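Asker: Below: sequence and its predicted model.
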Amino acid sequence: MYTLEVNMKKTDLLKKVAYLESLNDHLLTELGYVDHLMRLVGFAGGLETVKVTARELYESEQENNADFNG
């Protein structure tokens with residue numbers, strides 16, 4: 001009985017690994033596609049440029065709010 005339980009657990013784990021590998025592959029494909037789209041619309045560095053731009057906009061907004069409230 002113990003061997004059957006171990007085999008079932010191993011089978012379940014292998015299924016989970018296969019699912020996670022598939023999910024990872026899908027997410028990497030989507031990330032590559034979004035990166036490509038960002039380059040097409042003018043973000044030369046793709047998602048890296050988008051992240052830097054978003055951070056700068058956020059920080060600028062925070063500074064403006066601090067100036068207004070302070």
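Answerer: Nice, I can see it. Numbering: from 1, shown residues only.
Asker: Please make it C-alpha for all contacts and neighbour counts, starting now.
Answerer: OK.
Asker: which intervals of the protein have sub-threshold pLDDT?
Answerer: The model of the chain has pLDDT under 70 over residues 1, 70.
Asker: quick one, helices of it?
Answerer: Secondary structure of the chain (DSSP state H): helices at 2-40, 47-69.
Asker: Those helices into CSV, with extra columns for mean neighbour count?
Answerer: As requested, those are exported to CSV (neighbours: other C-alpha atoms under 10 Å):
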stretch, mean neighbour count
helix 2-40, 12
helix 47-69, 12
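Asker: ok, Ala54 - contacts?
Answerer: By C-alpha atoms under 8 Å, 6 or more residues apart in numbering, Ala54 lies in contact with nothing.
Asker: And it, how far from Ser22?
Answerer: As judged by C-alpha to C-alpha, to the nearest Å, Ala54 and Ser22 stand 30 Å apart.
Asker: ok, now Tyr2?
Answerer: 30 Å.
Asker: got it, and Leu4?
Answerer: Distance check for Leu4 against Ser22: by C-alpha to C-alpha, it reads 27 Å.
Asker: now Asn65
Answerer: 44 Å.
Asker: for Lys15, same thing?
Answerer: For Lys15 relative to Ser22 (C-alpha to C-alpha), the value is 11 Å.
Asker: Kindly report the same for Glu5.
Answerer: Distance from Glu5 to Ser22, by C-alpha to C-alpha: 26 Å.
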